[in-house]
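> Attaching a predicted model along with its sequence, questions to come.
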Amino acid sequence: MEPILKGVLAGLGTMVLYLLIVAVTTPALPPSSAIQAAFVLNWLVISLMSFGVGLQIFLSSYSKMRGCPLDIKRRSIGGNAGSAAASSFFSFFSLIPLGCCGWWLYVISFLPSIFGVGVSTVLINYSQQLTYVGIAVIFAFDAISVYRLLKDIKSKKLAKDI
């Protein structure tokens, strides 16, 4: 499969999974209303997260196709998956006041017993900022992958010239 197609499918899959979680965890609203609220409030998060994950899959596939697989492929894909999961988790907090993701209220109620009151307060109060930190981590891994890929391509090109 073409690397660009893999990347697009991974990005779309990330978006669909995010919206599926929103629909499933919102029993108080019809799925269409929950998804609409998610797009209104978190369109930037959904878009950036999907693009970042899709870009990482593209870079991984492209590097493999060029014969220079990335050394950090597993770590960066794992980092992207972890960062995407964390970003999603924190972005759901902004949907709770609208009646979306009511199940997450239940999850949030366990935060103080797991992390303590202080950490839980920080996680809840700064959830939007933590969402963007997670997205920044996704793009940091993408940037590292681009750097490594360009470095490998350049070294292979220099080796051919010698």
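Cool, the structure landed.
> Pull out the buried residues from the host helix or strand of residue 104.
If you go by DSSP states H and E, residue 104 is part of helix 102-115. Buried residues in helix 102-115, defined by neighbour count with 16 or more other CB atoms under 10 Å: 103, 104, 108. Using the backbone N, CA and C atoms, a C-beta is placed for each residue, glycine as well.
> I'd like the residues you listed as a markdown table, with distance to residue 4 and pLDDT appended.
Formatted as a markdown table, the buried residues of helix 102-115 follow (distance: CB to CB, whole Å; pLDDT from 0 to 100):
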| residue | distance to residue 4 | pLDDT |
| --- | --- | --- |
| 103 | 36 | 72 |
| 104 | 34 | 71 |
| 108 | 39 | 76 |
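> Adding distance to residue 9, write those residues out as JSON lines.
Putting those into JSON lines (distance: CB to CB, whole Å) gives the following:
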{"residue": "103", "distance to residue 9": "28"}
{"residue": "104", "distance to residue 9": "27"}
{"residue": "108", "distance to residue 9": "32"}
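> ok, of those, which one's closest to residue 40?
residue 104 (17.4 Å; CB to CB).
> returning to what we had before: which strands and helices lie in contact with the helix holding residue 104?
helix 117-125 (3 or more CB pairs under 8 Å, 6 or more residues apart in numbering; DSSP states H and E).
> residues of the very next helix or strand once past the helix it packs on that come out buried?
Proceeding N to C from helix 117-125, the next assigned helix or strand is helix 127-161, under DSSP H and E. Neighbour counts using 16+ other CB under 10 Å place 127, 130-131, 134-135, 137-139, 141-142, 144-145, 148-149, 152 of helix 127-161 among the buried residues.
> can you tell me the average pLDDT over helix 127-161?
Across helix 127-161, the average pLDDT comes to 84.
> Likewise for stretch 30-39?
Mean predicted confidence for stretch 30-39 is 90.
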